[in-house]
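predicted model, plus sequence, below.
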Amino acid sequence: MPKQSRQFIPLNIAIMVVSDSRTEETDTSGKTLIERLTNAGHQCVDKAIVPDDIYLIRAKLSSWIAEPSIHAIISTGGTGVTGRDGTPEAVQPLLDKELDGFGEVFRSVSYEEIGTSTIQSRAIAGVANGHYIFCVPGSSGACKTAWDKLINAQLDYRTRPCNLVELMPRLLEK
């Protein structure tokens, strides 16, 4: 018997751009993610540009993970190795569970595009208070790769054999 097609479930997604230098006018990465997620049928419910400061990142992220109407958060920037790059350090203490495979697969896919430079990426993902969080590098190219090759399919309920959306009702189980 053929499997029935599932209906798409649109999600509410917030975008965080971590940068000391980008403004709304110069931000290409956040705009890239918003374009892609809205083209996929999701809604961008909030966007913030936050300085490279772990406490400011945590403050904004904490406000979003306390908001039940937000399903997922994608941050771009601050995942490198320079002194101001602190997104993973800001986010990891807030995660209930880490999705280790996200960073591993992102770097594998990215290797095909940028070669060994991918080792400089500390892309991570996880779950916090029932919200999916994805942290990707700050270049628009990395945002395209992360969305097109990983995030889009996992935030689409129609993806088989499984996806993150179908797990959402169970994220807060104890």
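Perfect, I can see it now. Residues are numbered from 1 along each chain as shown.

mean confidence score for stretch 35-47?
The average pLDDT for stretch 35-47 rounds to 98.

ends of that stretch, what's the gap?
Distance across stretch 35-47, first residue to last, is 12 Å (CA to CA, to the nearest Å).

which residues in this structure form helices?
29-39, 54-65, 87-91, 100-114, 140-146, 152-154 (DSSP state H).

can you redo those as a markdown table with distance to N12 and mean neighbour count?
(C-beta placed from N, C-alpha, C; glycine too.) Converted to a markdown table, the helices of the chain look like this (distance: least, CB to CB, whole Å; neighbours: other CB atoms under 10 Å):
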| stretch | distance to N12 | mean neighbour count |
| --- | --- | --- |
| helix 29-39 | 10 | 19 |
| helix 54-65 | 10 | 17 |
| helix 87-91 | 19 | 21 |
| helix 100-114 | 20 | 16 |
| helix 140-146 | 19 | 21 |
| helix 152-154 | 16 | 16 |
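
can you list these in JSON lines and add distance to I73?
Below are these laid out as JSON lines (distance: least, CB to CB, whole Å):
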{"stretch": "helix 29-39", "distance to I73": "11"}
{"stretch": "helix 54-65", "distance to I73": "5"}
{"stretch": "helix 87-91", "distance to I73": "9"}
{"stretch": "helix 100-114", "distance to I73": "13"}
{"stretch": "helix 140-146", "distance to I73": "13"}
{"stretch": "helix 152-154", "distance to I73": "14"}
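
excluding chain neighbours, what is closest to R58?
A90 (5.0 Å; CB to CB, 6 or more residues apart in numbering).

V127 reaches I133, doesn't it?
Yes. Contact criterion CB atoms under 8 Å: V127 and I133 qualify, at 7.2 Å.

between these two, what contacts are shared?
Common contacts of V127 and I133 (CB atoms under 8 Å, 6 or more residues apart in numbering): L95.

which one of these two has more residues nearby?
Using other CB atoms under 10 Å as the criterion, V127 and I133 rank with I133 on top: 25 against 20.

list the residues that contact D46.
A14, I15, W64, I70.

how close does the residue lying closest to L61 once chain neighbours are set aside get to I54?
In space, and not counting its chain neighbours, L61 is closest to L94: 6.0 Å by CB to CB, 6+ apart. Per CB to CB, to the nearest Å, L94 is found 11 Å from I54.

how near is S19 to T28?
Applying CB to CB to S19 and T28 gives a distance of 11 Å.

the more surrounded of those two?
Higher neighbour count among S19 and T28: S19, with 20 against 15, using other CB under 10 Å.

state the pLDDT value of the more buried one.
The per-residue pLDDT of S19 was computed as 96.

wait, it touches P51, no?
Yes. Counting by CB under 8 Å, P51 is a contact partner of S19 at 7.3 Å.

since that was my last question, I'll sign off now.
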